[in-house]
Every structure is written in C-alpha cells, then in structure tokens.
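A.B. asks: give me the fold of what follows.
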Amino acid sequence: MNVRIDHGITTGAFELDGGTWEVDNNIWVLGNDEECVIIDAPHDAQKIADIAADRKVVGILLTHAHSDHVDAVFDLQEWVDGPIYLHPDDKPVWELTHPGRTWDEDLADGMTIEVAGQSLHVLHTPGHSPGACSFYVPGMATVFTGDTLFEGGPGATGRSFSNFDTIIESITDKLLALPEETVVRTGHGGSTTIGDEAPQRQEWIDRGS
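C.D. replies: Numbering: from 1, shown residues only. Predicted structure coming up:
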C-alpha cells in the first residue's frame, strides 16, 4: 500500500506559566492502509483517532510535552492502543499536564521508528523545551518539527524550560543540515521547506538577541 501523510487540525487551550491561550494544532498521521504513526495528541482524541481510522498505530510520537501537544494523549491511547513516545528530558514539562503518569517509550537522538516501509529518524532538537524532538523521514523528504521550526522562524522561547540560543543551535545543526527540498510540517500553521527557511537564520538571531 502507498504511504501517505494525513492532516487535520484541532483547537484547544495551551497552558503554561499561569497563562492560557487558545490555539490551533496540526495533527499529522503517517502510514499506509495497514499501519501508521500519530505525531502529537492535541485537544481532541476522537478527531485524531478518526484520522488514524482502523489502522494499527505503531506509536504516538510526541514532539514535546507542552499541554497543547499532550493533553489528549491518554484518551487517544484508549482509542488506538499504541505506545506513547516522549524524550525523557521533557519530564518536568510533561508533569505539568500529567502528574503521576508516564509515557511508554523514550525517544532518543538517532533512533529510528519504522512504519509502512518508511524510517522516521528522531532528531533531538531542544530549545522550545528540553526534550523537543523532530522526526525526519528521508524517504518522503519531510520533517515534522513540532514547535521547533515554523514558517518564518524558530518556536517561542520566552517561557519556562525554553532557551533561545539552544533552539537556534538545534535548528542550525539538525534541521538546516537536511536537504533543501525537505518539507517542514509544523505543530501550528502552514508548512515550509528547509530551503526557504535557511536563508533567514541570521535574521532570527538578530531578532532574538
């Protein structure tokens, strides 16, 4: 069966540092008619499960543990019965939303996850949060960056557990090193490419310094 990327959007709250913001989150599901992975679990478990349909879920891969990316993850797991993956460096962020509970499998830089004949390469890209990860799929020329890299620049670093210099280093060393044609599929908003974002790096640094 041909591999594909399905997309949806959910809406809900992002809570951190005493603030609450209404946000739209992208849902990404990569796989074929038999199996898939789900990237992030924002807000609406049933809507995400509907995109996965009746396929075997190899994993629910969390780009990071901010509430708007993990708040529906246990409800989703009841629907799809797939293991939850998170980088352990995001444990303090995770515990803000799911205190006393844990995920199933640790993500680590350099590991690969196989689904539908494709290899997802885990890139540890901290900065937006300590355990933020991106998932690069060379066979489909795409990378799922969560909130690390957006169209027009890096993710926010003005809140707890974040660091601007670290996110710039992650983007420079891990993401901008990918082929220019690589499509960047983000946690919020539209997609972009590595080739479109790379020339703006110095502008981001100047803006953030």
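
A.B. asks: in this structure, which helix or strand is least confident?
C.D. replies: Lowest by mean pLDDT, DSSP states H and E among the helices and strands of the chain is helix 201-208, with a mean of 89.

A.B. asks: which residues sit against that one?
C.D. replies: Identification of contacts with helix 201-208 by CB atoms under 8 Å, 6 or more residues apart in numbering yields 153-154, 157, 164, 168, 171-172, 176. No exception for glycine: its C-beta is placed from N, CA and C like everyone else's.

A.B. asks: how deep is residue 97 tucked in, by neighbour count?
C.D. replies: 17 (other CB atoms under 10 Å).

A.B. asks: no wait, residue 179
C.D. replies: Residue 179 has 12 neighbours, counted by other CB under 10 Å.

A.B. asks: likewise residue 202?
C.D. replies: Neighbours of residue 202 using other CB under 10 Å come to 8.

A.B. asks: where's it relative to residue 153, distance?
C.D. replies: Distance of residue 202 to residue 153, given as CB to CB, to the nearest Å: 12 Å.

A.B. asks: do the same with residue 205
C.D. replies: Separation of residue 205 from residue 153 (CB to CB): 10 Å.

A.B. asks: of these two, who's got more company?
C.D. replies: Legend: neighbour count by other CB under 10 Å for residue 205 and residue 153, higher for residue 153 (18 against 14).

A.B. asks: once you drop chain neighbours, what's closest to the more buried one?
C.D. replies: Nearest residue to residue 153, sequence neighbours excluded (CB to CB, 6 or more residues apart in numbering): residue 204, at 4.9 Å.

A.B. asks: the one you found and residue 77, how far apart?
C.D. replies: Here residue 204 is placed at a distance of 36 Å from residue 77 (CB to CB).

A.B. asks: which residues in this structure form strands?
C.D. replies: When assigned using DSSP state E, the strands of the chain occupy the ranges 4-16, 19-31, 35-39, 56-61, 84-86, 105-106, 112-115, 118-124, 133-137, 142-146, 149-150, 153-154, 183-186, 192-193.

A.B. asks: which among these is found nearest to residue 95?
C.D. replies: Checking those against residue 95 by CB to CB gives strand 84-86 as the closest, at 11.4 Å.

A.B. asks: which other helices and strands does the closest one contact?
C.D. replies: On a contact count with 3 or more CB pairs under 8 Å, 6 or more residues apart in numbering; DSSP states H and E, strand 84-86 meets strand 56-61, strand 105-106.
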